[in-house]
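Engineer: Pasting the sequence and the predicted coordinates here, then a few questions.
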Amino acid sequence: MAGQNHHFIRYAPEPVPYAIDRYVRETARLYAVLNRKLADGREFICGEYSIADIACYPWIVPHERQRQKLEDFPYMANWFERIRQRPATQRAYARAAEVNTQTQPDEAARKVLFGQDASTVR
């Protein structure tokens, strides 16, 4: 759902207000699910740091672009900060910043990202 949020907010060739609203709201709903899961005092999604945290964290990193406010989800915000402060997370995102210098896809990347259908599967 956050991927659809990103697409319609950032990449769609023209704004589609219904789609933007739909996916911003759905992203907020999913943030609320995670917030509720973390409300029982656990530090990580499954209790201990796991693949669940590793998989979910990157979807929260661009929360501002997703039109979300972490302060609306305090338990998730605390979880997010715990993950953000991990040395391995900091190293990974520092390295990503070094190699990912392009902020918007060029035409070739857009074709791969958005120009495929069933006929492109070999």
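Structural biologist: Received it, and whenever you're ready, just let me know what you need. None of these values were measured; they are calculated from a predicted model.
Engineer: So which bits of the strand or helix carrying residue 22 are buried?
Structural biologist: Secondary structure from DSSP states H and E places residue 22 in helix 17-38. Within helix 17-38, the residues that qualify as buried are 20, 23-24, 27-28, 30-31, 34-35, 38, counting by 16 or more other C-beta atoms under 10 Å. (Glycine included, C-beta is placed from N, CA and C.)
Engineer: And stretch 76-96, by the same measure?
Structural biologist: Buried residues in stretch 76-96 (16+ other C-beta under 10 Å): 76-77, 79-80, 83, 89.
Engineer: and stretch 105-122, how far from the chain's centre?
Structural biologist: Centroid separation for stretch 105-122 versus its chain: 21 Å, with C-alpha atoms, centre = their mean, to the nearest Å.
Engineer: Show me what it is in contact with.
Structural biologist: 7, 11, 102 (C-beta atoms under 8 Å, 6 or more residues apart in numbering).
Engineer: Between the two ends of that stretch, how far is it?
Structural biologist: Start-to-end span of stretch 105-122 (C-alpha to C-alpha, to the nearest Å) is 24 Å.
Engineer: Doesn't residue 47 belong to a strand?
Structural biologist: Yes: the assignment for residue 47 (DSSP: H, G, I helix; E, B strand; the rest coil) places it in a strand.
Engineer: what bits of the chain have low per-residue confidence?
Structural biologist: By pLDDT under 70, the chain has no low-scoring segment.
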